[in-house]
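S.K.: Based on what follows, work out the 3D shape:
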Amino acid sequence: MKLPFLVATLALALTACGGASDQSIPAPSMEGVQVNQSAMAKTLFGAKNLAAPLPAAPYGSYSKGCLAGGEQLAETGPTWQAMRLSRNRNWAHPVTVDFVQDLSRQAAALPGSNGIYVGDMSQPRGGPMLTGHRSHQSGLDADIWLMPASLGLSRPQREEISAVSMQRAKGAYTNGNWSRFQHELVKAAASDPRVARIFIFPGAKVQMCNDATGDRSWLRKVRPWYGHHYHMHVRLTCPRGAQGCENQAAIPAGDGCADAQQWVNNILNPPPVRPRDPDEAPAQPRRELRVSDLPQACQAVLAR
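M.R.: Take a look at the predicted model:
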């Protein structure tokens, strides 16, 4: 089957099913819930090994929220493998799990790949993580490695193997590892109606802008961001009916190519750094989130 037809067919099917039901998910009951609201949220959420037995629902925002009724992505599927299994971060909202599996099948149809390697998604109940990401809290984020997957990795190998960097010149350009596979993988993800945006290093966005032909609307979802040269960070929109879920602000109009080029220009010719005023207070470290900072429903997610 030709790739354009396959992508179009899958996109049409995804639009038809639309992810979650239109029926709203009620907030979990707070009756009898007792959680230390001053406790570090990452400590409590990081200690949970299983999902909360509640209807699937994301609460709050991507960087200040939690996940009820999380679904675990199978460690191995016909066209994917979950990586770094010791982290127990292969959990997500069911819509995200479906998306990852759909994308893996599209990746497997590309030359030179059997599918994808899936990095961090979320913890079993979402929430802040003990290490790493500030986002990935509501079950709607997934890191997809950019290297083609051969699959067949053992559990120890999934802990040890390194993802392959695709950047050079500190992210201003792609390197020799970047190929049509990465372009088509990002395009397939960005063309999915469930996806809100994709974060990737600036040089990759500019390269895709230069190489894209025909319909360029998918480029709008691809946003330059620091790092992200080993993987792309895919962020989904809130599922229909998820009233407690907060979407990110809308993406600016246009394909975003000029913005990405400006990122590259700033990498190659960094703007001058403003000297700090000696009377200016030094920047304060980011405060750790406590349970009280999260939506109230997250207390029920923790307590169940």
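S.K.: And the helices in this structure?
M.R.: Taking DSSP state H, the helices of the chain run over residues 3-17, 41-46, 94-108, 155-160, 180-190, 202-211, 257-268, 297-303.
S.K.: now the second one, how far from the centre of its chain.
M.R.: Looking back up the chat, that one is helix 41-46. 20 Å (C-alpha atoms, centre = their mean, to the nearest Å).
S.K.: can you check stretch 170-188 too?
M.R.: With C-alpha atoms, centre = their mean as the basis, the distance from the averaged C-alpha position of stretch 170-188 to the chain average is 17 Å.
S.K.: That stretch: end-to-end distance?
M.R.: End-to-end distance for stretch 170-188: 26 Å, by C-alpha to C-alpha, to the nearest Å.
S.K.: Run through who's touching it.
M.R.: Contacting residues not belonging to stretch 170-188 are listed as 3, 7, 103, 106-107, 110-113, 116, 144, 146-148, 164-168, 198, 200-204, 206-208, 211-212, 218, 222, 226-227, 229, 232, 264, 267-268 [C-beta atoms under 8 Å, 6 or more residues apart in numbering]. Every residue, glycine included, has its C-beta placed from N, CA and C.
S.K.: In this structure Lys205 contacts Ala258, no?
M.R.: No: with contacts counted by C-beta atoms under 8 Å, Lys205 stays clear of Ala258, the gap being 10.7 Å.
S.K.: Now do the strands in the stretch 201-304 of the chain.
M.R.: Taking DSSP state E, counting those that start in this stretch as the test, the strands found in the stretch 201-304 of the chain are 222-224, 231-236.
S.K.: quick one: which of those strands is nearest Ala303?
M.R.: Between Ala303 and the strands of the stretch 201-304 of the chain, the shortest separation by C-beta to C-beta is 26.3 Å, and it involves strand 231-236.
S.K.: Give me the helices and strands touching that closest one, please.
M.R.: Contact analysis of strand 231-236 by 3 or more C-beta pairs under 8 Å, 6 or more residues apart in numbering; DSSP states H and E lists helix 94-108, strand 141-145, helix 180-190, strand 195-200 as its packing neighbours.
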